[in-house]
Every structure is written in structure tokens, then in C-alpha cells.
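**Student:** Fold the following, please.
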Amino acid sequence: MPVHMQSQVRRFMFDQVYLKHSARTILADIGEPAAELGILLVGNQRMRSLNRRYRGKNRTTDVLAFAVREAMVPHAPCLTPNMLGDVVIAVPEAARQAKQGQRSLNEELMVLLIHGILHLCGYDHEGSEKEARRMRRRERMILRSLARLLKRAN
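**Tutor:** Numbers count the residues shown, from 1 in each chain. Sure, this is the predicted structure:
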């Protein structure tokens, strides 16, 4: 389960190794241990540009998810059949939310990563309140699972 991570931000300090390890753990927890994932960490301007281009919303958001499996044409050859998709996170926005929620930046990035990965798996909190509750419930379950693993590791 390769996790490819690229950071385009320099002003913020966070643990990329921890984030990458968390991604692998999340993928295993959701039943996608062989899935390939891309993570891109960007600034607010880049995120605003992506959000405008792909969602028609001219504002920064905290996380975007680009699913590859949904976009594949049936019966078309795929170079990476296990590719789940890409999660893009705006690190300055994550830092702002972390401060507001009294969390560390690493914790906030993990929350956003979980959120993005669930979007790649078909969860959609914008569709209905029932789906939003389902997604929040799954996010909490994954967070608890990661917290237990972190306790064991320390």
C-alpha cells in the first residue's frame, strides 16, 4: 500500500512520517490495505485555485479528495489498479483549525486525512444529513482506532 506524499509548504512544521504512517493505518482500518494513495499538502492560495477549478467555489477549503476509482472508465486499462485517489490538504487552514480546536497541527492533519480518505471511499456528508452522520460516525471510529495504536506504540 504505497502512500505518496508531497509537501508544497515550508512555513509549518509537522511530522510527515507520522502522517504517512497514519494514512497506511487508516487504509487498513477501512478495508483497503492494498490501496495506493496520494497526499498533497498545499498553501491556501493553491487550495483556493483547486477548489475554484474543480468545485466552482472561489474560496479556500481544508481538504479536497480526488477519487481515481470513480473516474475510471469500465473495462479501460489502468496503470495503477489499486490507486484509490489523492487527498489535498491546505496546511495553513489546518493550522488555523487546529488552533481554534485546541489541537496540534499533526492531530488536525490526521483528522483531515481521515475525512479525505473517507470521501475517496464514497462517503459524502453534503448529500444528506443521514450520510453526514454516517461519515462523522466512521471518522470517530477511525480516530479511536488510531489513538489506541498510538498508545501502544508509546
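
**Student:** mind checking the backbone torsions on residue 93?
**Tutor:** Note on residue 93: its backbone torsions stand at phi -70, psi -40 [degrees, to the nearest 10].

**Student:** Kindly report the same for residue 119.
**Tutor:** Main-chain dihedrals, residue 119, degrees, to the nearest 10: phi -60, psi -40.

**Student:** mind listing the strands for the protein?
**Tutor:** Using DSSP state E, the strands of the chain run over 3-7, 36-42, 63-67, 83-90.

**Student:** Sketch out the helices for the protein, chain order is fine.
**Tutor:** For the chain, applying DSSP state H gives helices covering 16-29, 44-55, 91-100, 105-120, 129-153.

**Student:** Tell me which of these sits nearest to residue 85.
**Tutor:** Proximity to residue 85 (CB to CB) singles out helix 105-120 among those, at 4.3 Å. All C-beta spots, glycine's among them, are computed from the backbone N, C-alpha and C.

**Student:** list the helices and strands the closest one packs on?
**Tutor:** Helices and strands touching helix 105-120, by 3 or more CB pairs under 8 Å, 6 or more residues apart in numbering; DSSP states H and E, are helix 16-29, strand 36-42, strand 63-67, strand 83-90, helix 91-100, helix 129-153.

**Student:** hang on, the earlier thing: can you tell me which of the helices of the chain is most buried?
**Tutor:** Comparing these on average neighbours per residue, with mean count of other CB atoms under 10 Å, the densest one is helix 105-120 at a mean of 22.

**Student:** Need the residues that contact that helix.
**Tutor:** 12-15, 18-19, 22-23, 26-27, 30, 37, 39, 41, 62-67, 69, 84-85, 87-89, 91, 94-95, 97-98, 101, 103, 135, 138-139, 142-143, 146 (CB atoms under 8 Å, 6 or more residues apart in numbering).

**Student:** quick one: average pLDDT of that helix?
**Tutor:** Here helix 105-120 scores 95 as its mean pLDDT.

**Student:** In TSV: the helices of the chain, plus distance to residue 5.
**Tutor:** Shown next, in TSV, are those (distance: least, CB to CB, whole Å):
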stretch	distance to residue 5
helix 16-29	5
helix 44-55	15
helix 91-100	12
helix 105-120	10
helix 129-153	17
